[in-house]
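A.B. asks: What follows is a predicted structure for the sequence shown.
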Amino acid sequence: MTTKTYAEALIEALMEKAADDDRFAIIGRGILGHGAQAHFAQPLMDAYGARITDPPTSEGAVASMGIGAAMSGTPMFVHFGTASFTLEAVNQLIHEAGVAHSMSGGQITVPIVFHMYHGLRRGGAGQHSSSPQSMYANNPGLQLIMPTTPRDVKGMLRTVLNGNNPTLFIDHGALLGTEGEVPDAPYEIPLGVADIRREGADVTIVATSRAVLWAAEAAERLAADGIDAEVIDPRSVVPLDSEAIVSSVRKTGRLVTVDEGYQMCSIGSEIAALAAERAADALKAPVGRVARPPAPVPFSPPLEEAMMPGPERIIETVRKIMG
Amino acid sequence: MTTKTYAEALIEALMEKAADDDRFAIIGRGILGHGAQAHFAQPLMDAYGARITDPPTSEGAVASMGIGAAMSGTPMFVHFGTASFTLEAVNQLIHEAGVAHSMSGGQITVPIVFHMYHGLRRGGAGQHSSSPQSMYANNPGLQLIMPTTPRDVKGMLRTVLNGNNPTLFIDHGALLGTEGEVPDAPYEIPLGVADIRREGADVTIVATSRAVLWAAEAAERLAADGIDAEVIDPRSVVPLDSEAIVSSVRKTGRLVTVDEGYQMCSIGSEIAALAAERAADALKAPVGRVARPPAPVPFSPPLEEAMMPGPERIIETVRKIMG
Amino acid sequence: MTAPPAAGDRTAIFTCMVLMRRFEEEVLRIAQDHPYVGRQHLHIGHEATGAAVVSALSPGDLFHTTHRNHGYVVALGADPGRAFAEIMGRRDGLNKGRGGPWHLCDRSVGMQSTSAMVGGSVGLAVGAGFGLKQQGATAIAVTHFGDGTLDEGICFEAMNLASILSLPVLFLCENNAKEGQRPSSMLAAKALRDLPGALQIHCIVVDGRDADAVAEAATEAVARIRDGAGPVFLQTNLERWPGSHQTKPEFPTGVTDLTLAWEEERITGAHADWVRDHDGLRAFAKTLVADGTLSREQVLAIDREVLDRLSDARAFAEASPYPEPSALLDGVFA
Amino acid sequence: MTAPPAAGDRTAIFTCMVLMRRFEEEVLRIAQDHPYVGRQHLHIGHEATGAAVVSALSPGDLFHTTHRNHGYVVALGADPGRAFAEIMGRRDGLNKGRGGPWHLCDRSVGMQSTSAMVGGSVGLAVGAGFGLKQQGATAIAVTHFGDGTLDEGICFEAMNLASILSLPVLFLCENNAKEGQRPSSMLAAKALRDLPGALQIHCIVVDGRDADAVAEAATEAVARIRDGAGPVFLQTNLERWPGSHQTKPEFPTGVTDLTLAWEEERITGAHADWVRDHDGLRAFAKTLVADGTLSREQVLAIDREVLDRLSDARAFAEASPYPEPSALLDGVFA
Ligand SMILES: Cc1ncc(C[n+]2csc(CCOP(=O)(O)OP(=O)(O)O)c2C)c(N)n1
Ligand SMILES: Cc1ncc(C[n+]2csc(CCOP(=O)(O)OP(=O)(O)O)c2C)c(N)n1
Ligand SMILES: [Mg+2]
Ligand SMILES: [Mg+2]
């Protein structure tokens, strides 16, 4: 084990894949964004620059190019930068990548990973703050991973890069600088296995991506006043570990979901629906959802701040349902 | 009152608007598709052909053109045909139409209606069967109407055409030939008011668009064996009449949702979540969701048939939760 | 399955054209007999382009086509029985019944995919070219599409990518535009080639009804691409078949009668002009008989042989059962 | 607010350029003082194009711009104080603090929107042109964008639409491409104009650093569009300002010193070449003094006056409070 940043772990997974498979190619630039961690991508550029293509601003064709290459036997990693920009490639992701394997009767596989940074980023306003994970999860044939820790990003990325399915890899720029223990030898983390970040008896909090950090902080603060929260990070949304979520809710009898994105038809809605389907009889209190309020993201700092489903709002919601 | 088809009622709403407002313009062709009702569009073509633009196959720019024209004071109706094609215009719908009013501090309004046919259509397979309503509902600033009857389509369309907000108007081609009573004088139907299609005491079934017809049929058949179902058609998803849904669930103690689209992060998920948030204590049984199974739509007729959340599956689900 | 025609083998190209034509005629009959088969976009009238281009390709080349795909699927050597079965949604279909007519593919013959999203095949083929180049292969990627596809932004973006990355991609544009008839290109350009031309893609325009001319142009284009000179835009101009965009299955020009190749006075009917002046299949039969490559008897024998194969193929498809609904959720992920 | 420069009024155009430059310099100081203001795309070095094009427009014309928008907002006559306030997210901002620097708009002066989605302004302006034509207005729509925007499919689609519908749209492309520097156009075309040219859009290319040349070209373009001759693509070539894509706020070429217009020997530093050869503002000051339009004193007086206005504007913005979080959900729908 070595302590590393999320950014380093992400790049290591890409370098391992590049070393293992000389067909592997990457399309995109600024894989680690333009912030303080950007430099961690340098080793990848130095060692494998020849396999990295800097594309024009053409998200739709860039997605298609990756998909077509993957269909032809070239495992691909396509980096889009801000998730908002992938809204120019939705048709390619859903109606090409997502359906090709099934529609071909299994003849075609699409080994490709699409990477994007979602969420509120300070000053992103109405066009650069998208958290499209819930929209994408409404479609078949696309895996969706949202790792939160350095250990998870490296292990899950290795799993999907070595797999044969189109995968959306959505994370938040704020995670890049976070540190954690990372095993030194290569390892895979299977999809569909939630991480119980904290065990608790009173309430289950399910959050994804950056919101997991908020949920964990909220849980610590709630513990201080005697509320024992269980925090679950599904890590992958497709496939989703509904078993772990449902059994936790059955155990605690209470559920609060947290989405950085909008609430209507969200991952939080899905998880609340799972509770209503499979744990209704065990619910001791109304389910609570914490999400982005239903307004385009305003630029003004205090307004953007008010859009965040951070620790305060999670604590408030837990208190409310605890009665 | 006169009995009319859905197709005629839809066209009448457009003709009324064209008559009332000579700035009103339409982009698109085949407003009533290519089927048996297509001819009902002829009166519109004859009277207002000069205000109808037949665009190239460029969904993104067609959406933008409509949005820019609306911003400039020209009320617009943009017809895309198959909803699947709008996936080429997602960025324009969400990041231009949906945010412009709020982001401009109220300076800009976007009076535009985007029309599209969603759903399974026999032979549409993996690329022509999209029901994107749940994805779109996950975004702010876009109204979403899904009228089901001739009366509703004419009244709701008039409301949004006379309004000042970007509106997604999603319906199903199978509705075009359905008939119903339509008032003769012009009338508006407000958004955010659900239609209780059938009152019932035992279970609440919430469905949208074509699925409302399936739910109504299921309710009649359930009545035959003494199960008294209440059928709710929200009619508009944004805004959603959550009050009507929650009070119905509190009354019946049971909820089954029906989506023609996929289940994960769907309108059905949202409605089940509302029940878990606001009616958990009143639930006498697990909530049931009926939706499209999680696979790309297969072409093969029996497989496509199996994708449909029709009356049988609704009845089966109701029976299951009735225990 | 039959192998695709070899370059320069005009008899094989003709035989392939007959196969393509008779296949589509059978699809029409299938659509008449099985309503659910629904809307078809037939490749009738495009055979000279199709067979000739396929004759210029080699094993390993990867093909991406559009909604007007049937002809290329069989021309590349896919089994007609399994193709019919797919169009009928049967278990033994090329895609196990999951794709249907708009998504036929047969990886074993290089028919990598049919995308029915206008512009879809262009982006995917550019990706195939990217992948082949990455792997250092000598194979090329081909994207077949229609003139209307040039209106779609993804098509522009993909051509631009192929040009700046100098990818081994043949852009095969079948131009069946007809004044005032929709759908067809609404490109503001004087000529379709002006768009790829502006992107510095080498362009070749040829009469798509003339198999010899297309074969020559395609051979030149493919050689150039294989040499690493970057993508080529090959535009073949056709006169749209009167049944090109049909909503109900019908034979506007009647069932093909190859004796009309030498009995022109018998060409009659509402669409006689199309049959006389624009049917590349009839024209090629006429040419081959005229230049002595084939006798009339040989032409008719080829036709009979194809028809026999296709009736067996149809029988195979009809005999194939539907997939089990229980298999609905299989094969979503690899 | 000041009215935008009138056509032919070179002094007004120069004053507008000074306003644009000093405004951006103040934005840099604001970004230095208020970290959250974050990444800015400054219009420094584009003033000759900006002020000259604006001088060719008339009231009622509708403008759609991009992330590099500030210059046009103030050039069109938006209040600098409210513009600063918006960039700072304050209640008195042009957009009530909801848009911020990437979305400034002021409907009252025809600045209809800033879309920070590359290509966004192009599609919207084509729509504005469509709307104006529908309404039988004589006004035109303008879309400002950069060379890199031509890579985006929506830009191609929108230009095609404007051409086939012959819409009153001025496509103003500020080409600040710099070899090997990203972001910039990756268009495979020999020249950017080849793309609109292929779509039969009339193209004009001019030195974007030369205010007189741009004013002449823009006047010609706007007249042509108003006459109903369809869209025009006006490409202005610029040398990208060294601070053009900065992540932290800094003055790579120092704060502008207009005395360098006549004291060239004092031009030094790492980026002296840009200041000497590519700063259109310095060049125009030099020209106006040389041809006697303005004296050195008048140039400096104009600059001082602008600086005074801007310090008042900055003070206004600093004094403006943030919006109340309680208003978060207001104004989502009209
Ligand atoms: C993205 C998308 N938009 C619209 C359609 C509907 N559509 C199907 S075929 C077609 C016309 C295509 O014209 P062309 O490419 O010339 O092919 P042709 O049918 O003439 O051979 C259109 C618009 C579609 N399939 N996909
Ligand atoms: C759809 C989309 N993709 C990517 C981006 C990220 N982006 C912001 S500015 C820019 C470059 C634009 O270049 P150009 O149009 O030449 O403008 P310049 O900054 O050079 O003035 C890019 C790619 C974006 N804003 N929108
Ligand atoms: Mg065509
Ligand atoms: Mg640029």
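C.D. replies: Good, I have the coordinates. Ligands and ions are numbered 1, 2, ... in the order given.
A.B. asks: Near chain D, which residues of the stretch 101-250 of chain C are found?
C.D. replies: With Cβ under 8 Å from any Cβ of the partner chain as the criterion, the stretch 101-250 of chain C meets chain D at residues C:151-154, C:156-157, C:159-160, C:163-164, C:186-190, C:194-195, C:197-201. C-beta: built from backbone N, CA, C; applies to glycine.
A.B. asks: Report the buried members of those.
C.D. replies: With burial judged by 16 or more other Cβ atoms under 10 Å in any protein chain shown, the buried subset of these is C:151-154, C:156-157, C:159-160, C:163-164, C:186-189, C:194-195, C:197-201.
A.B. asks: Which of those fall in helices?
C.D. replies: Mapping these onto helices (DSSP state H) picks out C:Gly153, C:Ile154, C:Phe156, C:Glu157, C:Met159, C:Asn160, C:Ser163, C:Ile164, C:Asp194, C:Leu195, C:Gly197, C:Ala198.
A.B. asks: Next up, the contacts around the closest residue to A:Asp54 other than its chain neighbours.
C.D. replies: Spatial nearest neighbour of A:Asp54, chain neighbours left out: A:Arg29 (4.7 Å); criterion: Cβ to Cβ, 6 or more residues apart in numbering or on different chains. When contacts are counted by Cβ atoms under 8 Å, 6 or more residues apart in numbering or on different chains, A:Arg29 touches A:Ile52, A:Asp54, A:Pro55, A:His79, D:Arg182.
A.B. asks: what about the strands in the chain?
C.D. replies: Using chain A. Listed in chain order, the strands of chain A (DSSP state E) span A:2-5, A:25-27, A:52-53, A:76-82, A:112-117, A:143-145, A:167-171, A:179-182, A:195-198, A:203-207, A:229-233, A:236-238, A:255-262, A:288-292.
A.B. asks: try again with chain C
C.D. replies: Under DSSP E, chain C gives strands at C:62-65, C:111-114, C:141-146, C:169-175, C:202-207, C:232-237.
A.B. asks: Go through these and name the closest to B:Ala224.
C.D. replies: Of all these, strand C:111-114 sits nearest to B:Ala224, with 45.7 Å by Cβ to Cβ.
A.B. asks: That closest one packs against which elements?
C.D. replies: Strand C:111-114 sits against strand C:62-65, helix C:70-75, helix C:120-134, with contacts defined as 3 or more Cβ pairs under 8 Å, 6 or more residues apart in numbering or on different chains; DSSP states H and E.
A.B. asks: quick one: which of the strands of chain A is nearest C:Ala139?
C.D. replies: For these, proximity to C:Ala139 was assessed by Cβ to Cβ; strand A:25-27 is nearest, at 16.6 Å.
A.B. asks: does ligand 2 sit close to that closest one?
C.D. replies: No - counting by Cβ under 6 Å from any ligand atom, ligand 2 is not contacted by strand A:25-27; separation bottoms out at 13.9 Å.
A.B. asks: by contact count, what packs against that strand?
C.D. replies: With contacts defined as 3+ Cβ pairs under 8 Å, 6+ apart, the packing partners of strand A:25-27 are strand A:52-53, helix A:59-71, strand A:76-82, helix C:120-134.
A.B. asks: Mind putting the ones you listed into TSV with mean neighbour count and mean pLDDT?
C.D. replies: Below are the helices and strands packed on strand A:25-27 laid out as TSV (neighbours: other Cβ atoms under 10 Å in any protein chain shown; pLDDT from 0 to 100):
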stretch	mean neighbour count	mean pLDDT
strand A:52-53	20	98
helix A:59-71	32	98
strand A:76-82	24	98
helix C:120-134	31	98
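A.B. asks: quick one: which of these is nearest D:Leu258?
C.D. replies: strand A:76-82 (38.4 Å).
A.B. asks: And A:Pro239, how far from ligand 2?
C.D. replies: 30 Å (Cβ to the nearest ligand atom, to the nearest Å).
A.B. asks: same question but for A:Ile315, I mixed them up
C.D. replies: 36 Å.
A.B. asks: Likewise for C:Leu300?
C.D. replies: To ligand 2, C:Leu300 is 58 Å away according to Cβ to the nearest ligand atom.
A.B. asks: related to what we said a few turns ago, just put the ones in helices among the buried ones among the residues of the stretch 101-250 of chain C next to chain D in CSV and tack on pLDDT and distance to C:Ser58.
C.D. replies: Shown next, in CSV, are those (pLDDT from 0 to 100; distance: Cβ to Cβ, whole Å):
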residue, pLDDT, distance to C:Ser58
C:Gly153, 98, 32
C:Ile154, 98, 28
C:Phe156, 98, 29
C:Glu157, 98, 28
C:Met159, 98, 23
C:Asn160, 98, 27
C:Ser163, 98, 23
C:Ile164, 97, 26
C:Asp194, 98, 30
C:Leu195, 98, 28
C:Gly197, 98, 27
C:Ala198, 98, 30
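A.B. asks: Keep those residues, but drop any that are not near chain B.
C.D. replies: When these are checked against chain B using Cβ under 8 Å from any Cβ, the ones in range are C:Gly153, C:Ile154.
A.B. asks: any idea which of the ones in helices among the buried ones among the residues of the stretch 101-250 of chain C next to chain D is closest to C:Thr15?
C.D. replies: Closest to C:Thr15, out of all of these and judged by Cβ to Cβ, is C:Met159, at 33.2 Å.
A.B. asks: Return the residues in contact with that closest one.
C.D. replies: Going by Cβ under 8 Å, 6+ apart, C:Met159 touches C:Val122, C:Val126, C:Phe171, C:Leu195, C:Pro196, C:Leu199, C:Ile201, C:Pro231, C:Phe233, D:Ala188.
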